[in-house]
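Trainee: Predicted model and sequence below, questions to follow.
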Amino acid sequence: MNNAETARAPFDPAMLFKAAFLGIVAIFVLVPLLATVLGGFKSLGELRINPFGLPQHWEWQNYADILFSARYWQLLRNSLIISTLTVTLTLIVASMAAFTFAHVRFFGSSMLLSYLTLGLLFPAATAVLPLFIKVRDLGLLDTYFGVALPQVAFSLAMSVLLLRRFFKDIPYELLEAALVDGCSYVKFFRYVTLPLSRPILATVGTITFVNSWNAYLLPLVMLNTDALYPWPLGIMVYQGEYSSEWHLILAFITLTILPTIILFLLAQKHIVAGLTAGAVKG
Amino acid sequence: MARRIAITSPISVAGEAAPQVAVRGPGWDGRFTVLILFLPPALLLFTLFVVLPIGEAAWYSGFNWNGFGRPTNWIGFDNYRFVLETRAFWLALRNNGLIIAVSLAIQLPLALTLALMLAEKFRGAVALRMLFFMPYILAEIATGLIFSFVYDGDYGLVASIWRSFGAEPPYLLASTDTAMLAVLIVIVWKYFGFHMMLFIAALQSLDKSLVEAARIDGATRSQALRHVVIPLLYPTIRLSVFFAIVGSLQLFDLVMPLTRGGPADSSNTMVSFLYNNGISRMRVGYGSAIGVILFAICVTFAFTYKRWFMRDE
């Protein structure tokens, strides 16, 4: 891992210290992850005597059993449905609101924007009991929408802020010219704003997706049927069933975090940009 | 609608008026459409699922209610008294304090040091950044499960290290003395990369000529760091602290697979305390009271922090 750094200036003590420091942190991060992936290839007996090293005997069966089980795919499918619903609705609803705040001057606009940004101040957990009762009264308990709609509502504040900032940078003259040429606001939004905003839409979409894909508390409260569980709930149930068969649990963890890691490698630019976006302006 | 605008627009935009005036003419119909079509979905969803529940939490917190039927058993502020009399509540509050302390004393310096090392370009820097950031995007549930394996007294990594020294392996998560410590280590593992990325983003947008000027004026590397770079990073440091505190106040997912807040409530956070005592037992009034207290803490903190430390942003 740290060959690259040490090779560059092998005799500079500061460099050596730096390389050692980075190496230690890299080990700190990597060891639990590698042990998890490799643990899935071991038998329970081997895991006990050799949790760190490579498996002496590769047990492909652990992974194969999960990959060929309906359960694994059902969990991923549920997660995918909920996340897709959340992302789609968030992008539509937030971009429309952000467009209004960016381009339409009206009485109370800044007040309404501050109202929406209140959502940044507190976590969903504070009101989760009344939220549960609300979702129940709406008849959405134990449905995908019962999870997705509150998730959309809680991701609106951040999404609207990020989108609005981007939309505002679209030259005003463009809107003016379009209006003169008889284009309506709605058409301008559809045919100019949205196509020009692909990078920020991708960023907002990616953050929303990651948050929804990883979410635990809301699905836990809103869903009762195993068949609807997204993977974070499913994996907790799985762990409850196989409480100390760690080799199976580790294989299951590996397979469920795999989609996240693949997505991360594919979309790292958007993920890093999105998740640190608050930094540009709080 | 569009057609009507098309007809009116050339007339009212004919003059070279200020932008606002220019838009008012052609735009009013269009603007109205946008207002009634584009804004309500967001406002409705937000009001329904974010704002109303907070208000309702305040209302429900006055009742002794199990969530079925309508709340009728009004008990005033008793729920708040019950919460404040619960030892577990104060433990949870203390644990949130501990998380913040560790974030400030360990995570922040670690993230800053790594950012300073990795903001420079060298072979492997980008790969290391990505590696350090990776724990942050993993689900907290998965992270918690991975570490419940790491800490496991029979099969875990910690147990194996202990055994190699010939010692009896501890069950870190099962002891009131060590459970919270174990959770804190996982928190640092998971979140330092995020703060590091904040600092790297800030360092890369930093005006390098300032550092060069200091160096030309004879400042050593560490002097330039202490007196130029770090002060320039203050806004980001304040932001990082803000995120650390807000994050600690909503920490829940990570605790559940590790300890569920136990043993004996020793590793509860505010939210896991709320879950264990309000939600999982459907004590709506009591749980709402906890929610309102948490809400009050979050909002008070956010406003004071913004006022005191982030005025300039």
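Mentor: Received it, and whenever you're ready, just let me know what you need.
Trainee: And the residue nearest the centre of the chain?
Mentor: Defaulting to chain A. A:Val210 (0.8 Å; C-alpha atoms, centre = their mean).
Trainee: that's the wrong chain, I wanted chain B
Mentor: Per C-alpha atoms, centre = their mean, the C-alpha nearest to the average position across chain B is that of B:Gly247, at 2.7 Å.
Trainee: and it, how far is that from chain A?
Mentor: Remark: distance between B:Gly247 and chain A (C-beta to the nearest C-beta, to the nearest Å) = 9 Å. The C-beta positions use only the backbone N, C-alpha and C, and glycine is treated the same way.
Trainee: mind pulling up the phi and psi values for that residue?
Mentor: For B:Gly247, the backbone dihedrals (degrees, to the nearest 10) come out as phi -60, psi -40.
Trainee: The nearest residue to it once chain neighbours are set aside: neighbour count?
Mentor: In space, not counting the residues next to it along the chain, B:Gly247 is nearest to B:Tyr191; the distance is 6.8 Å by C-beta to C-beta, 6 or more residues apart in numbering or on different chains. Look at B:Tyr191: counted by other C-beta atoms under 10 Å in any protein chain shown, it has 22 neighbours.
Trainee: my guess is B:Tyr191 is in a strand, correct?
Mentor: No. In this structure, B:Tyr191 is helix, not part of a strand, as judged by DSSP: H, G, I helix; E, B strand; the rest coil.
Trainee: Which residues are in contact with it?
Mentor: Neighbouring residues of B:Tyr191 by C-beta atoms under 8 Å, 6 or more residues apart in numbering or on different chains: B:103, B:107, B:135-136, B:244, B:247.
Trainee: who touches stretch B:51-58?
Mentor: In contact with stretch B:51-58 (C-beta under 8 Å, 6+ apart) are residues A:115, A:118, A:122, A:126-131, A:133-134, B:288, B:291-292, B:295.
Trainee: Produce a PyMOL select command limited to the buried residues of those.
Mentor: Here is the PyMOL command that selects the buried residues among the contacts of stretch B:51-58 (16 or more other C-beta atoms under 10 Å in any protein chain shown):
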select buried, (chain A and resi 122+126+127+128+129+130+131+133+134) or (chain B and resi 288+291+292+295)
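Trainee: and the contacts of stretch B:51-58, which of them are in helices?
Mentor: Among the contacts of stretch B:51-58, the members found in helices (DSSP state H) are A:115, A:128-131, A:133-134, B:288, B:291-292, B:295.
Trainee: how about CSV for these, with pLDDT added?
Mentor: Converted to CSV, the ones in helices among the contacts of stretch B:51-58 look like this (pLDDT from 0 to 100):
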residue, pLDDT
A:Tyr115, 90
A:Val128, 89
A:Leu129, 89
A:Pro130, 90
A:Leu131, 92
A:Ile133, 91
A:Lys134, 92
B:Ser288, 91
B:Gly291, 92
B:Val292, 93
B:Phe295, 92
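Trainee: out of those residues, who's nearest A:Tyr72?
Mentor: Comparing those against A:Tyr72 with C-beta to C-beta places A:Val128 closest, at 28.1 Å.
Trainee: rewinding a little: my guess is the residue nearest to the centre of chain A meets A:Pro259, correct?
Mentor: No. Between A:Val210 and A:Pro259 there is no contact under C-beta atoms under 8 Å: 10.7 Å.
Trainee: Could you point out which of the contacts of B:Tyr191 is nearest to A:Ile82?
Mentor: Nearest to A:Ile82 among the contacts of B:Tyr191, with distances taken as C-beta to C-beta, is B:Tyr136, at 21.2 Å.
Trainee: Domains of chain B: list them as residue ranges, please.
Mentor: What automatic domain parsing lists as the domains of chain B is B:2-43, B:78-309.
Trainee: Pick the most deeply packed of those.
Mentor: Ranked by mean neighbour count, the domains of chain B are led by domain B:78-309 with a mean of 19 (mean count of other C-beta atoms under 10 Å in any protein chain shown).
Trainee: got the end-to-end distance for it?
Mentor: Separation of the first and last residues of domain B:78-309 by C-alpha to C-alpha, to the nearest Å is 36 Å.
Trainee: what does stretch B:140-159 give?
Mentor: Across stretch B:140-159, first to last residue, C-alpha to C-alpha, it's 23 Å.
Trainee: again, but for stretch A:190-207
Mentor: 23 Å.
Trainee: Which positions in that stretch come out as buried?
Mentor: Here stretch A:190-207 shows A:193, A:196-197, A:200-207 as buried, counting by 16+ other C-beta under 10 Å.
Trainee: So which of those residues are in helices?
Mentor: Short answer: these in helices (DSSP H) are A:196, A:200-207.
Trainee: which intervals of chain B have sub-threshold pLDDT?
Mentor: The model of chain B has pLDDT under 70 over residues B:1-29, B:310-313.
Trainee: re earlier: got a markdown table for the ones in helices among the contacts of stretch B:51-58, with distance to A:His247 too?
Mentor: What follows is the ones in helices among the contacts of stretch B:51-58, written out as a markdown table (distance: C-beta to C-beta, whole Å):
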| residue | distance to A:His247 |
| --- | --- |
| A:Tyr115 | 51 |
| A:Val128 | 35 |
| A:Leu129 | 38 |
| A:Pro130 | 42 |
| A:Leu131 | 38 |
| A:Ile133 | 42 |
| A:Lys134 | 42 |
| B:Ser288 | 43 |
| B:Gly291 | 40 |
| B:Val292 | 45 |
| B:Phe295 | 43 |
